[in-house]
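In: Next input, structure requested:
(chains A and B)
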Amino acid sequence: AQSVTQLDSHVSVSEGTPVLLRCNYSSSYSPSLFWYVQHPNKGLQLLLKYTSAATLVKGINGFEAEFKKSETSFHLTKPSAHMSDAAEYFCARSSNTGKLIFGQGTTLQVKP
Amino acid sequence: DGGITQSPKYLFRKEGQNVTLSCEQNLNHDAMYWYRQDPGQGLRLIYYSQIVNDFQKGDIAEGYSVSREKKESFPLTVTSAQKNPTAFYLCASSIDRFNQPQHFGDGTRLSIL
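Out: A predicted model of the protein is given here:
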């Protein structure tokens, strides 16, 4: 089955400390992978995407993610959290039907 | 700037009433999608369209209908058959079905009076 699992429903960090949001996927092949961010009452904004080029992908706002095929993971990181990073984050993967498959989301809280 | 416009931002429906949510894009994308978002459940696909005059059911199509008469427009009707319509609805588009990523509008929040 093609699925996406976000391992934490809620992550809390202090401002200025690193962020790690975890995402695992299941697939019989290497899919395209995406991270999106959603602020309250807004749509999803693409942070970054992996499409079988470099395994370390840099995105907007200082975020990056590393594709690890052996671990079927695509974790999102940022060296130093800002208050403005507080939001909901979604990991997603492509599928062989052309649909995007989303994880359940991770709420990132940033404490001052 | 190109993008996706959803309207209205907030919508209220009376019991037994159909309502239509608007989604317009000027990105020249072939594929368009409708998602429903409920707290703690992520995004669930309602309908998608790969090209004008064609659309397919997603995972939760019951109680919803769509049309795709123009490339730019993909309206979603929430019918009275949808028993629990209160949710946040997101429209998205992509170049085509196999060329992601999807770009999203800012959503419509539907509530029942």
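
In: Now for residue A:14: which residues touch it?
Out: A:81, A:110, A:111, A:112 (CB atoms under 8 Å, 6 or more residues apart in numbering or on different chains). (Each C-beta comes from the backbone N, C-alpha and C, glycine too.)

In: which SSE is the spatially most central residue of chain B in?
Out: Geometric centre of chain B, nearest residue: residue B:34, 3.0 Å, by CA atoms, centre = their mean. Secondary structure assignment for residue B:34, by DSSP states H and E: strand B:31-37.

In: what helices or strands is that strand leaning on?
Out: Where contact means 3 or more CB pairs under 8 Å, 6 or more residues apart in numbering or on different chains; DSSP states H and E, strand B:31-37 is packed against strand B:19-25, strand B:43-51, strand B:87-94.

In: So is the helix or strand of chain A with the lowest mean pLDDT next to chain B?
Out: Scoring the helices and strands of chain A by mean pLDDT, DSSP states H and E places strand A:100-102 at the bottom, with a mean of 90. Yes - counting by CB under 8 Å from any CB of the partner chain, chain B is contacted by strand A:100-102 at A:100, A:102.

In: Pull up the pairing partners for that strand, direction included.
Out: Here strand A:100-102 has these sheet partners by DSSP bridges: strand A:87-94 (antiparallel).

In: Need the contact partners of the partner strand.
Out: For strand A:87-94, contacts defined as CB under 8 Å, 6+ apart pick out A:2, A:4, A:6, A:21, A:23, A:25, A:27, A:31-40, A:44, A:47, A:74, A:76, A:100-103, A:105-108, B:42-43, B:98, B:100.

In: Which residues of chain A lie near chain B?
Out: Counting by CB under 8 Å from any CB, chain A comes close to chain B at A:9, A:32, A:34, A:36, A:41-46, A:49, A:90, A:94, A:98-100, A:102-105.

In: Strands of chain A, residue ranges please.
Out: Applying DSSP state E to chain A gives strands spanning A:3-6, A:10-14, A:19-21, A:23-26, A:33-38, A:44-50, A:56-58, A:64-68, A:73-78, A:87-94, A:100-102, A:106-111.
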